[in-house]
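Student: for reference, the sequence and a predicted model appear below.
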Amino acid sequence: MKKKYIIIIVVALVVIFSVFLGLLFKQTLQGLPAGGGSIGVVEVEDVIASSKTTVKELKGFADDPLIRAILLRIDSPGGGVAASQEIYGAVKKAREKKKVVFSMGAVAASGGYYIALPADRIVANPSTITGSIGVILEYPVFEELFKKIGIRYEVIKSREHKDIGSPFRTITKEERGLLEGVIKDIYEQFVDVTVENRGLNRDSVFRIADGRILTGRQAWELGLVDTLGTFEDAVDICGDLAGIDKPNLVYPPRHFSFIDLLTKPVEKLLMPRIQYLWK
């Protein structure tokens, strides 16, 4: 019986080791130039809550001599303002070294559009949901609920606005004005980078920068994207810009964090969030 268990363990270890070698071999092949050069693919999916991974991947591909161009695939309704701006900055820096092309999937709205602005080319599907140029701040207020169940929330603060945006009390008229000023400033930054990167008239951008969503075809007609096409079309465009006949696509390894899984829903529920986000 003991010998039987040992054999099972050995077989299991061999299988695990074989899978590991296969993945390692696959990654190695991806890193080698094939048919003239490689394109690094960075995927931005879901709500943009953090910029850390995307910025790291962009920098890695920009500094890698085997990578001749970078292709970003976006499937995101947007997200945090600071995170979107940091990715935007990383794209600008990467473009100083490599050609950068964006491919829009089903959704590339608000912050998902913002991060695409510095690219050499923006490619959207005709039915991609994009646009939604605007800013939103939202948070829940539990004041009435706490009154009903008999819970009081005490605050000791240094000045009157230190707990602005607290979910435990109703906002004052003065505080609303202060927050609207913040939103307006961030909104104007969004408009500014759109005008700068797309070469559009400011008035024409203001006319559509009211939070409305657009299809990829509508965005193309308005000059917000460069061309209509699929991911494969974006790969061809990226290859042409970099002078690669047969591009080899290189994907960075993915990491999963159980801590993020446990903490992000709580953060999303409770914390005030200023976002470039299509709702």
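Tutor: Good, I have the coordinates. Numbering: from 1, shown residues only.

Student: CA only for contacts and neighbour counts going forward, please
Tutor: Will do.

Student: residues contacting D46?
Tutor: 75-78 (CA atoms under 8 Å, 6 or more residues apart in numbering).

Student: tally of neighbours for I237?
Tutor: Look at I237: counted by other CA atoms under 10 Å, it has 19 neighbours.

Student: nearest residue to it in space, ignoring adjacent ones along the chain?
Tutor: Nearest residue to I237 in three dimensions, chain neighbours excluded: V101, at 7.8 Å (CA to CA, 6 or more residues apart in numbering).

Student: what distance do you get for the one you found to A49?
Tutor: The gap separating V101 from A49 is 22 Å, by CA to CA, to the nearest Å.

Student: which one of those two is surrounded by more residues?
Tutor: Using other CA under 10 Å, the more surrounded residue of V101 and A49 is V101, with 27 against 16.

Student: would you mind measuring from the more buried one to I136?
Tutor: From V101 to I136 the distance is 28 Å (CA to CA).

Student: could you do E96 as well?
Tutor: In terms of CA to CA, E96 sits 31 Å off from I136.

Student: picking up where we left off before, among the contacts of D46, which lie within helices?
Tutor: Using DSSP state H, no member of the contacts of D46 sits in helices.

Student: ok, and the most crowded of the residues you listed?
Tutor: G78 (31 neighbours).

Student: contact partners for R73?
Tutor: Here R73 is in contact with 41-44, 102-105, 231 (CA under 8 Å, 6+ apart).

Student: so which strand or helix has it?
Tutor: strand 67-76 (DSSP states H and E).

Student: what's the spacing between that strand and its chain's center?
Tutor: Distance of strand 67-76 from the chain centroid (CA atoms, centre = their mean, to the nearest Å) equals 11 Å.

Student: one more: stretch 151-163?
Tutor: Distance, centroid of stretch 151-163 to centroid of chain: 34 Å (CA atoms, centre = their mean).

Student: could you number the chain from 12 rather than 1 from now on?
Tutor: Yep, numbering from 12; the last one is stretch 162-174 now.

Student: that older thread, tell me the one of the contacts of R84 nearest R228?
Tutor: Nearest to R228 among those is M115, at 11.9 Å by CA to CA.

Student: what's opposite the closest one in the beta bridge?
Tutor: Beta-bridge partners for M115, by DSSP bridges, are I85, A135.

Student: how many residues are close by it?
Tutor: For M115, the count of nearby residues is 33 (other CA under 10 Å).

Student: how about the one 4 residues further on?
Tutor: Around A119 there are 33 other residues, counting by other CA under 10 Å.

Student: from A80, how far off is it?
Tutor: 21 Å.

Student: next: I255.
Tutor: Applying CA to CA, the value for I255 to A80 is 9 Å.

Student: quick one: which of the two has more around it?
Tutor: A80 (30 against 20).

Student: give the contact list for the more buried one.
Tutor: 49-51, 73, 109-111, 249-250, 253.

Student: let's see it at 10 Å
Tutor: 48-52, 72-73, 105-106, 108-112, 246, 249-255, 258, 260 (CA atoms under 10 Å, 6 or more residues apart in numbering).

Student: in the stretch 62-211 of the chain, which spans are helices?
Tutor: 63-74, 92-106, 122-125, 154-160, 184-209 (DSSP state H, counting those that start in this stretch).

Student: which elements pack onto the last one?
Tutor: Counting by 3 or more CA pairs under 10 Å, 6 or more residues apart in numbering; DSSP states H and E, the packing neighbours recorded for helix 184-209 are helix 92-106, helix 122-125, strand 147-149, helix 213-219, strand 284-288.

Student: list the buried residues for stretch 105-117?
Tutor: 105-106, 109-117 (16 or more other CA atoms under 10 Å).

Student: what do I255 and A80 both touch?
Tutor: 48-50, 249.
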